[in-house]
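Q: Next comes the sequence, and after it the predicted model I'd like to discuss.
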Amino acid sequence: MRVIIFEDDKPDLLFPLSMMRPVYDVKPGALSLVEKVTASFGKDASKIRLHSRTSLRNYLGSMGRNVIPGFENDDHILLNGRFIFEKKFLKRLLKTKPETRFYKSGDSVAFAIVRKEDSGRLNERLTNALGVIDEVFLISCGIKNGGDTTENLFEIRYPWDAVSYMLRQGLNDDLKIIGDKAGKRRKTKNCVNEDSVFCSAKSIVSNMSVLDASEGRIVIEDDCTIEPFVFVKGPAYIGKNVLIKSGARIYGPCVIGDGSKVAGEIAESVLHSYVNKQHDGFVGHSYICPFVNLGADTVTSDLKNNYSAIKEKFRGGMIDTGMRFLGSIIGDHSKTSINTMLNTGTIAGIFANIFGGGFPSKDIGSFSWNESGKPAVQYDFGKAMETAGIVMSRRGIKMTQEYLALAKHYYESGTLANG
């Protein structure tokens, strides 16, 4: 039986997290959604294949990702890449006798089972313009609706859901998986609850820093440098090749992804990877995408003065996030200048520049120059790509033609804003 992790018709709801990556590469913790599934399957992970919307296929293929061109002549389990599935459920699903049906959670197809003899019909119709797998697609293939699932599934529907789930249980679950597989640990001085600190022998941690795992595990991957006078309070995940500069304060649950360089105060946030925050300033309850640069003293407000739940503008309406604490959601390659103040619940697209005194808009479009108090101006595409290429090369990453083409797709399609 093959396992397909698919993208449905709602990737735009995850703006801007899903613009430069498939939905299952979003990180509601230390592991991405697809990594969570892979970890749950264990030795059966080789059965997993990936599906993506059409706009991402060339880029993912250039990265060597296992994206299916079609369905094989086999039984299939289809898993929606935006959902979090418990390990017990996935193991049970692998052992079920195939009966072609799809199952919904709310208005989304959560998962489907397709028998071998029915898989050919999927190939016949997987040529639609967007290439997504949703209820309309499955019904057109003759797949029947099995009704609402009775499983307790968490849906990463909006970008703030990734932060919410990380805080709720996502990071603790991931750190248990990663820590249990970490094997040998190096001894590190100035630890609180040392047995819950998993530090790679290939990383350097100053004896004048403190790792406090009294409220959750701390995992530090290979090739990290933690300078003197750093305080890390778990649960926290420090990815590979991370630099944490002197005086930094990191309060968990917190994820500092691979290749990031950070300083100042960071609390209850996900820094996906390759984030540049090398100066003082506060980031709290936020999700920061790759190659974002936060200028010195950039501050994200994560609590309204009246302590009310935070609402977000979307498609001409307002959505109640259900969160009292929510900082900023910032898309790939966006940048803030020194002393930037971001209001509670700010959402910025990809390749945006944010600068000037005062608070900018809470709704910042992609490929835009945003000076506080003035209308946004569109960023020249060539100049944006020139800067992005320099930024990526400084992390030893070459911008491919496929990556450039994906960015250009958004620039030319007008898919630049939240709603």
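A: Received it, and whenever you're ready, just let me know what you need.

Q: Any stretches of this protein with poor pLDDT?
A: Scanning the chain for pLDDT under 70 picks out the ranges 127-129, 182-186, 415-419.

Q: In it, which residue sits furthest out from the middle?
A: Each residue of the chain has a distance to the centre, and by CA atoms, centre = their mean the biggest one is for residue 117: 35.6 Å.

Q: On the three-state scheme, it is what?
A: Of the three states, residue 117 takes helix under DSSP: H, G, I helix; E, B strand; the rest coil.

Q: same thing with the one 3 residues further on?
A: When the structure is split into helix, strand and coil by three-state DSSP, residue 120 lands in helix.

Q: Repeat that for residue 291.
A: Following three-state DSSP, the label given to residue 291 is coil.

Q: Excluding chain neighbours, what is closest to it?
A: In this structure, residue 291 finds its nearest non-sequential neighbour in residue 333, 4.7 Å apart by CB to CB, 6 or more residues apart in numbering. Where C-beta positions appear, they are placed from N, C-alpha and C, glycine not excepted.

Q: Direction included, what does the lengthiest strand in the chain pair up with?
A: What stands out as the longest strand in the chain, according to DSSP state E, is strand 108-114. The strands beside strand 108-114 in its sheet (DSSP bridges) come out as strand 76-80 (antiparallel), strand 101-105 (antiparallel).

Q: Spit out the contact partners of residue 87.
A: By CB atoms under 8 Å, 6 or more residues apart in numbering, the contact set of residue 87 is residue 40.

Q: hmm, try it at 10 Å
A: For residue 87, the contacting residues are 36, 37, 39, 40, 41, 42, 173, 177, by CB atoms under 10 Å, 6 or more residues apart in numbering.

Q: ok, and the most crowded of those?
A: Within those, most neighbours by other CB atoms under 10 Å means residue 36, with 24 neighbours.

Q: thinking it is in contact with residue 174, fair?
A: Yes: using CB atoms under 10 Å, residue 36 makes contact with residue 174 at a distance of 7.3 Å.

Q: Overlap of the contact sets of the two?
A: Shared contacts of residue 36 and residue 174, defined by CB under 10 Å, 6+ apart, comprise 27, 28, 29, 30.

Q: would you turn those residues into TSV with distance to residue 13?
A: Output for these, formatted as TSV (distance: CB to CB, whole Å):
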residue	distance to residue 13
27	17
28	15
29	19
30	23
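
Q: picking that back up, need the winner for burial among the strands paired with strand 108-114.
A: For these, the largest average neighbour count (mean count of other CB atoms under 10 Å) is found in strand 76-80, namely a mean of 24.

Q: Alright, I will stop here.
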